Each structure stands twice: as C-alpha cells, then as structure tokens.
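Undergrad: need the 3D shape of this:
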Amino acid sequence: MQFLWPQMLWLLLSLPLLAAAYLYLIARRKKIALLYASLALPRAVLGRNQRLRRHIPPLLFLLALGAALLACARPIATITLPTDTVTLVLAMDTSRSMAATDVAPARISAAQQAARDLILGLPASVRLGIVSFAATATVVLPPTDNRHDMLDAIDRFQLQHGTATGSGLIQALAVLFPDDGIDLEAILFSGESLAPGPGGRSRTEAAAAAAVRKREQEQPSAQPGSYRHGAVILLSDGRRTTGPDPLDAARMAAQRGVRVYTVGFGTPRDEGAAVSSLSDSLDEPTLREVATLTDGEYFQAGSAADLTQVYRQLSARFALERKEIEISALLAAASVPLLVLACGLSLLWFRR
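TA: Predicted structure coming up:
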C-alpha cells in the first residue's frame, strides 16, 4: 500500500497516546475504588461482563479514529479488476521459415492452432485484429469481436519469402490507431528525396512520405506501457531480412504507450533446429529488446504446447487488469459506523 500524503501518518502517533491516557484513567479509578470498605460491593454491582463491556466503546472509538487518520494520508491500493474493452493485435510471422518441421507438424500449423486456442479463450471484452508479415505486412482482419471471423482469418495465412518484423509491428500500430495516419508505405520511403529519380516515386508521394515522417516526430510521447486500451502480440521465428528496423518500430509503439509482447517461436539454432540459414534462426536479442522498450514481455515457445501456454497467460492477463485506486474514501466511510457504534453502545450500556 502506498500513500499520497505519507506525512499525515504521523497523526497515528496520537492513537497510542490516547490508549495510554485511557489506561491512566482506569488506574486512577482503581485508586478511588480503594476508598470503599470492601471491593466486593462494586465488583458485585459491575459483574464480569459489565467490566469487559466498559472497554468496548473506547476500543471502537480508537478503531474509528485510526481509520479516519489513515484516510487523511490518502492510501492507494493495487487491486485486480475486470478490464474494459481492449483491442489486441496479433502480428504473425508468415515467412517461408514457418514451414519448418521442428515443431510438428509444421511451425505454421502449430502457430495457427495455438492462435485458434487464443481466440476461443479470449474474454468477451477483448477485440482482436490480425496482421501477417513476410516481405511486407498485411492486415488480415481489422479489430472485431466476432470469433468466427477471427478463426477464418487464421486459416487465410499464406507463406511468402522475407521477414519484415518491423513492418509487421508498424502495421499492427496502424490497426490499433486508425486515426493516427500511420502509413507503412510512406514510412518505408520516408528517407527519399522530394525530387523523383529514375523509376522512383512521384513528387506527391514523396511529399506524403515526408509529412508522415514529420507527424511521427511530432507525436506526443507517452510513458511506455501506459496505454490501457490495447496491446500487440508479435510472433516471429526468424531474423529480419527486409523492412524497417524492429527497434525503430518498437520506439513508435513506446511513444504511444503500447506494450508489445513478443514471442520467439521454434527451436533456437543452438539447440539443433532444422533451419536452412542463419536468417531462419530466432533473433531473441531483438525480440527481447522490443519487449523491453515497450514495457512488454518476451516469451520463448519451443513447441506447440509452449505457444498455447503463452497465449493462455496473455489471455488471462487481458481478462484482468491491475489498477491503483485511492481508498481514503473507503476508510473514512468505515470510520463512521465504528464511531456511531461506539457512541451507541456507550449510551445503551452506561447512559453516557
């Protein structure tokens, strides 16, 4: 538990002082009681239950005061609540290396089945968009809550040459923020001159690319991981061979506060994976760095069962969200019935 005004906690020192004063008054009354010829008379009048009762109202009063003083410090508690509507974008690697059979029956088949399990396990509050990437990135399905459309989109994956991991992440951001004007093609050519070259782009297209680059530079920066209404799951089994740097794309995501959860799928090369070239092996350092830059998390899935387990963890994470909530009003509200109860019992039992 944290406190917005921790300096107010010093007021809690008044509680032991009040308790000490109460004990002092009781001891003083005992001295006065010695003036009686016999202690049997007052004890008979009070009785054992009566002697215990007299301590209950002061105890309730101290509890009420303690709750009120804690409320003054404005405590914050972290609690887990059901999430509001969340848009999740699944960016899936569909490069040729996904045909490798180190994960039976093939990486792509295992990945598709795990994605189906993810879809079936998604809470109702989650909308899902799907992006595939190889040499370029394609929006397979805009965000929707229709589970049937999601399952159909998973079956439409087609393997192609190349691995443009950065393009896949940028396209996922474009799906997540349709009003931000994120144009993958413009970003790919944003370094070109305004003057068209032989076989190059037109001046209008180059000007549009420059405008996109300027807009990205002017994008307000958010705290990484602060965006609560969406996230990206990026699955890849190989190294980038074309397209923008995935770390640059990760910085775009971090600038918008979007968490990117990266999944390295397949058997790492140093564990004997059946891969054809170095470019087919997992680029775990880059995937880890993408997750780190965006305050996400990296998962390594060496089998279909591992991938399914990763998706289950992520699905549960999106179903519930941890939030920090100030509970000072709750403590203040709790102190009121305690105080009323203390006063009521004192009047009922002792008429004072």
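
Undergrad: low-scoring stretches of the stretch 201-350 of the chain, by residue?
TA: Along the stretch 201-350 of the chain, the parts satisfying pLDDT under 70 run over 201-219, 267-280, 319-324.

Undergrad: please enumerate the helices of it.
TA: Listed in chain order, the helices of the stretch 201-350 of the chain (DSSP state H, counting those that start in this stretch) span residues 203-217, 246-255, 284-293, 304-319, 328-350.

Undergrad: winner for burial among those?
TA: Highest mean neighbour count of the helices of the stretch 201-350 of the chain: helix 246-255, a mean of 22 (counted as mean count of other C-beta atoms under 10 Å). From N, CA and C alone the C-beta is placed, and that goes for glycine too.

Undergrad: tell me the gap between that helix and the middle of its chain.
TA: Mean-position distance between helix 246-255 and its chain equals 18 Å (C-alpha atoms, centre = their mean, to the nearest Å).

Undergrad: that one vs helix 284-293, what angle?
TA: Angle between the axes of helix 246-255 and helix 284-293 is 10 degrees (criterion: axes from the mean of the first three to the mean of the last three C-alpha atoms, to 10 degrees).

Undergrad: so what touches helix 246-255?
TA: Identification of contacts with helix 246-255 by C-beta atoms under 8 Å, 6 or more residues apart in numbering yields 165-167, 169-170, 173, 182, 216, 219-222, 224, 232, 240, 259-260, 286-287, 289-290, 293-295.

Undergrad: okay, the helices of the stretch 201-350 of the chain in a markdown table with distance to Pro178 next?
TA: Conversion of the helices of the stretch 201-350 of the chain to a markdown table gives the following (distance: least, C-beta to C-beta, whole Å):
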| stretch | distance to Pro178 |
| --- | --- |
| helix 203-217 | 14 |
| helix 246-255 | 15 |
| helix 284-293 | 22 |
| helix 304-319 | 20 |
| helix 328-350 | 38 |
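
Undergrad: distance of the nearest residue to Leu12 once chain neighbours are set aside from Leu63?
TA: Using C-beta to C-beta, 6 or more residues apart in numbering and skipping residues adjacent in sequence, the residue nearest Leu12 is Leu69, 5.4 Å away. Leu69 sits 11 Å away from Leu63, going by C-beta to C-beta, to the nearest Å.

Undergrad: find residues that contact each of these two.
TA: By C-beta under 8 Å, 6+ apart, no residue touches both Leu69 and Leu63.

Undergrad: neighbours around Trp5, how many?
TA: Counted with other C-beta atoms under 10 Å, the neighbours of Trp5 add up to 11.

Undergrad: circling back: now, of the contacts of helix 246-255, which are buried?
TA: In these, burial by neighbour count holds for 165-167, 169-170, 173, 182, 216, 224, 232, 240, 259-260, 286-287, 289-290, 293-295, counting by 16 or more other C-beta atoms under 10 Å.

Undergrad: just the ones of these in strands?
TA: 232, 259-260 (DSSP state E).

Undergrad: in JSON lines: those residues, plus distance to Met98.
TA: Putting those into JSON lines (distance: C-beta to C-beta, whole Å) gives the following:
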{"residue": "Val232", "distance to Met98": "19"}
{"residue": "Arg259", "distance to Met98": "24"}
{"residue": "Val260", "distance to Met98": "20"}
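
Undergrad: out of these, who's nearest Ala20?
TA: Arg259 (51.7 Å; C-beta to C-beta).

Undergrad: test my guess that the closest one contacts Val232.
TA: Yes. Between Arg259 and Val232 there is a contact at 7.4 Å, judged by C-beta atoms under 8 Å.

Undergrad: name the residues contacting each of the two.
TA: 253, 296.

Undergrad: against Val89, how distant is Val175?
TA: Val175 is 5 Å from Val89, by C-beta to C-beta.

Undergrad: so between those two, which is more surrounded?
TA: Between Val175 and Val89, counting by other C-beta under 10 Å, Val89 is the more crowded of the two (28 against 24).

Undergrad: for the helix or strand that one falls within, name the packing helices and strands.
TA: Assessed by DSSP states H and E, Val89 sits inside strand 86-93. With contacts defined as 3 or more C-beta pairs under 8 Å, 6 or more residues apart in numbering; DSSP states H and E, the packing partners of strand 86-93 are helix 107-121, strand 126-133, strand 137-144, helix 165-176, strand 230-236.
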